[in-house]
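In: pasting the structure only:
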């Protein structure tokens, strides 16, 4: 009777395997149906274990249950691993300060790049092999406060951002990394500085996504685009509901979550403009999700690696205390689809 299932869209073999061993009575429920995966009804956020050190400039790599946190704003950055129950380690990257940098990959094979070293934008790239860090080839150009990420260490992209030597806002350049060399892929169609991004579609550099951020010096841009490595160009996608700057992102390969940031009214970086808004993108449309438990900005620059289906995370950043004071956060939040 399973032969009557018309088609299976975007479902991993491991998930399909769960059907094995079921009776014909169970499988009969699928007859005549077009199976499109689990029914998605949004995510629910939970507070995880606090970060070892509160930090505004956080880079998150890996995924829920196997996360890598880099306190990148230190003059000598430190990294910590999370096994699903607690944080451990305090491994120095050995590289330069990476404030407002990007990163991605897995817990055992991560990479961080770019950022601001305290005086100018940086091009440095540092890789992690699960026990130690090493500095590798520089980026093709400086990039701070940009948008980027990637599923695996050898498949990264970064776009937009700022160059502080000299100061140039909204550098509309896209760079990709293959694990050895950075390549300038040309100009993107939007600034996307400090927006939300991720490789979406389950890997490779043929599905890079960027949304919101800053365009031509104006914050809270609402546009979103996808970059095709094969086609070598960006294509316009649906606009976000609320344009936010200094957001972060997380992706399970099908859905991209744009998390928190600061937004309208006005363009001032202030606590009163912090937002807890979360939106998700799939199939060229945005959906409003459950809000993050805390209004946060600069909420983990790196988009992390590839999450399991229906999962997301967010760590660190700056939050509004409600008493005219902005503080670095030690919060670690995880989300799962309900």
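Out: Sure thing, it's come through. It should be emphasised that the depicted structure is a prediction, and the values quoted were computed from it without experimental measurement. Numbers count the residues shown, from 1 in each chain.

In: going forward, measure contacts between C-alpha atoms and count neighbours the same way
Out: Fine.

In: domain map for the chain?
Out: 1-37, 47-337 (automatic domain parsing).

In: model confidence score at residue 124, please.
Out: Confidence at residue 124, expressed as pLDDT, is 90.

In: actually, residue 138.
Out: You'll see residue 138 listed with a pLDDT of 94.

In: now it: how far from residue 296?
Out: Residue 138 sits at a distance of 31 Å from residue 296 (criterion: Cα to Cα, to the nearest Å).

In: of those two, who's got more company?
Out: Between residue 138 and residue 296, counting by other Cα atoms under 10 Å, residue 296 is the more crowded of the two (33 against 17).

In: and the more buried one, how far is that from residue 326?
Out: Distance, residue 296 to residue 326, using Cα to Cα: 10 Å.

In: overlap in contacts, the two.
Out: When Cα atoms under 8 Å, 6 or more residues apart in numbering defines a contact, the residues bordering residue 296 and residue 326 alike are 318-320.

In: the closest residue in space to residue 45 that isn't next to it in sequence pairs with what?
Out: Leaving aside its sequence neighbours, residue 45 sits nearest to residue 335 (Cα to Cα, 6 or more residues apart in numbering; 4.3 Å). On the basis of DSSP bridges, residue 335 is bridged to residue 45, residue 312.

In: can you check residue 326 too?
Out: Residues in a beta bridge with residue 326, per DSSP bridges, are residue 320.

In: tell me which residues touch residue 181, please.
Out: Residues near residue 181 by Cα under 8 Å, 6+ apart: 137, 139.

In: so what pLDDT did it get?
Out: On the pLDDT scale, residue 181 is placed at 96.

In: could you measure from residue 76 over to residue 272?
Out: Applying Cα to Cα to residue 76 and residue 272 gives a distance of 32 Å.

In: so which of those two has more stuff around it?
Out: Just comparing residue 76 and residue 272: by other Cα under 10 Å the higher neighbour count belongs to residue 272, 18 against 14.

In: assumed residue 41 was part of a helix.
Out: No. Going by DSSP: H, G, I helix; E, B strand; the rest coil, the assignment for residue 41 is coil, not a helix.

In: got a list of what it touches?
Out: Residue 41 touches 337-338, counting by Cα under 8 Å, 6+ apart.

In: next, it: phi, psi?
Out: phi -130, psi 30 (degrees, to the nearest 10).

In: tell me the pLDDT of it.
Out: Here, the pLDDT recorded for residue 41 equals 89.

In: so residue 75, which of the three states?
Out: Under three-state DSSP, residue 75 falls in the coil class.

In: tell me how far it lies from residue 223.
Out: The spacing between residue 75 and residue 223, counted by Cα to Cα, is 34 Å.

In: have a look at those two and say which one is more surrounded.
Out: Ranked by neighbour count (other Cα under 10 Å), residue 75 and residue 223 place residue 223 first, with 23 against 15.

In: element containing the residue nearest to that one when sequence neighbours are not counted, please.
Out: Of all residues not flanking residue 223 in the chain, residue 239 sits nearest, at 4.6 Å (Cα to Cα, 6+ apart). Under DSSP states H and E, no helix or strand contains residue 239.

In: tell me the contacts of residue 239?
Out: Neighbours of residue 239 in contact, by Cα under 8 Å, 6+ apart: 222-224, 286.

In: thinking residue 90 is in contact with residue 76, fair?
Out: No. With contact defined as Cα atoms under 8 Å, residue 90 does not count as touching residue 76 (11.4 Å).

In: what stretches of this structure score poorly on pLDDT?
Out: For the chain, the stretches with pLDDT under 70 are 1-38, 164-170, 189-194, 198-207, 266-270, 299-304, 323-324.

In: which strand of it spans the most residues?
Out: Counting residues, the longest strand found in the chain (DSSP state E) is strand 274-282.

In: from the middle of its chain, how far away would the next helix or strand after it be?
Out: Going down the chain from strand 274-282, the next helix or strand is strand 285-288, by DSSP H and E. With Cα atoms, centre = their mean, to the nearest Å as the basis, strand 285-288 stands 17 Å off its chain's centre.

In: how about strand 285-288: buried residues?
Out: Neighbour-count burial for strand 285-288, with 16 or more other Cα atoms under 10 Å as criterion, is recorded at 286, 288.
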